[in-house]
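Asker: Sequence isn't available, so here's the structure alone:
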């Protein structure tokens, strides 16, 4: 019987529900989940163990006179941590100065830096202004922020803050310590025009717009600075050392059009010699980054939040995809944590909607659920849903035969083909339907490339978008 392409998704859905309802019931699609939240934005989150076990800590703008700006998640509610600090907190960091991990807090509150000792706050000396980030470099605490010279270290002998190499000439907002092959160094990002001076950049270090490196002796350029619209400052708001598959590398996110002389939209990777974009980048400012395994593909993937499209996106190694419908406004912080209900990516910010869920400035992005007895990185009940996007004939390859298969299915000549094993694989443009647009997408990707298809591609995985399609059984050559 010839199938109309307009009713094909509904016919296939019946086959999927008839053969895979247990998998669907166990949650084979990552999804947003709500939890108790806040009336004001969340600016920072971190996991810290105060001796009673790891817990998620959050902070930001929680201005109620009876509340605190730092809270701890116990799996059901937020517990105040110590006395209120009185103003916005920009950063929570777990750092080790040599005596074990400590929870450091920086922000716009009086004194600007304090440490939680498990029972009370222990203020440090004041660096002189709001703190945006903290890190330990060469055994000393380093702060970035809105104070004199913008980058300062806490001298361990005098407990006073000293400028690092004359600092940078405007706001410093992010810090990282990384060895890119030239030795361990301190990397600083922000909205400054140059490093090594507080005045005229002709006296500073060339190529240090928005990012610079301190090796313990001098400031140097990191492959050239970042550039945005000349009317608006470029900014690097987050720096992370992450392994995206080629070993630890420095990943920078913020607001820029190019970095190191190469076009790169708001996110880039430093390999020790040059900057590289991640695909076409993202559409707007990046505030934070994290690695998370959502169990729809092997291994960890990079996630970003900020003002970018849908405010939360995933890099699958080929392209950026949205987390469902994302959040309605900016995300500012991302942290991976298991609160006893399974590992999830906690995202905080200003938003009140995540996906279609009403939330209060924080939400969880949960991975696909289910046991993984065979250890291949996918939930066992979901493995019948593994497929390769565009591989309509399910032979394990994406090639011209797949476009021919799709066309023959939609417009059969002679004996029509049997129903395809996996409608999701045929749905090359991932719009939830199998139509003429799909073989056109396949042919475009094959002959006008490189044009990657939506995930899962170029390796097998689970569908990260919700639709009425699916696979009627295990796809050959997918793990």
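Answerer: Thanks, I have the structure now. Values in this document were obtained by computation on a predicted structure and should not be read as measured data.

Asker: In the protein, which residue is most central in space?
Answerer: The residue lying closest to the centre of the chain (C-alpha atoms, centre = their mean) is residue 303, at 2.1 Å.

Asker: Kindly state the beta-bridge partners for it.
Answerer: residue 290, residue 314 (DSSP bridges).

Asker: who's in contact with it?
Answerer: Contacts for residue 303 (C-beta atoms under 8 Å, 6 or more residues apart in numbering) come out as 289-292, 312-315, 323, 334, 345, 365. (Each C-beta comes from the backbone N, C-alpha and C, glycine too.)

Asker: Please report how far it lies from residue 259.
Answerer: According to C-beta to C-beta, to the nearest Å, residue 303 and residue 259 sit 20 Å apart.

Asker: Same check on residue 87?
Answerer: Counting by C-beta to C-beta - residue 87 and residue 259 are separated by 33 Å.

Asker: do the same with residue 154
Answerer: Residue 154 is 30 Å from residue 259, by C-beta to C-beta.

Asker: Repeat that for residue 308.
Answerer: Residue 308 is 16 Å from residue 259, by C-beta to C-beta.

Asker: ok, now residue 121?
Answerer: 38 Å.

Asker: Settle it for me: which of these two has more neighbours?
Answerer: Neighbour comparison, residue 121 and residue 259: the larger count goes to residue 259, with 32 against 18 (by other C-beta atoms under 10 Å).

Asker: Touching, that one and residue 235? I think so.
Answerer: No: Residue 259 lies out of contact with residue 235 (C-beta atoms under 8 Å); the separation is 11.6 Å.

Asker: For residue 107, state which of the contacts of residue 303 is nearest.
Answerer: Residue 107 has its nearest neighbour among the contacts of residue 303 in residue 334, at 18.8 Å by C-beta to C-beta.

Asker: wait, what's in contact with the nearest residue to the closest one once chain neighbours are set aside?
Answerer: Of all residues not flanking residue 334 in the chain, residue 290 sits nearest, at 4.0 Å (C-beta to C-beta, 6 or more residues apart in numbering). Residue 290 is in contact with 240, 302-303, 334-336, 345, counting by C-beta under 8 Å, 6+ apart.

Asker: Looking at the residues you listed, spot the one nearest residue 140.
Answerer: residue 240 (20.9 Å).

Asker: Wait, that closest one touches residue 249, no?
Answerer: No: Residue 240 lies out of contact with residue 249 (C-beta under 8 Å); the separation is 9.4 Å.

Asker: contacting residues for residue 233?
Answerer: Residue 233 is in contact with 170, 191, 210, counting by C-beta under 8 Å, 6+ apart.

Asker: filter those to the buried ones?
Answerer: If you count burial by 16 or more other C-beta atoms under 10 Å, the buried members of the contacts of residue 233 come out as 170, 191, 210.

Asker: State the pLDDT value of the second one.
Answerer: Meaning residue 191. For residue 191, the model assigns a pLDDT of 94.

Asker: can you give me the helices in this structure?
Answerer: 8-25, 400-410, 423-426, 437-447 (DSSP state H).

Asker: Now do the second one: everything it contacts.
Answerer: Read that as helix 400-410. Contacts for helix 400-410 (C-beta under 8 Å, 6+ apart): 3, 5, 390-393, 395, 416-417, 420, 426, 428, 434-436, 438-439, 442-443, 446.

Asker: Can I have the buried ones of the residues you listed as a ChimeraX selection?
Answerer: Typed into ChimeraX, the line below selects the buried ones among the contacts of helix 400-410, using 16+ other C-beta under 10 Å:
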select :3,5,390,391,392,393,420,426,428,434,435,438,439,442,443
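
Asker: Right, I'll leave it there.
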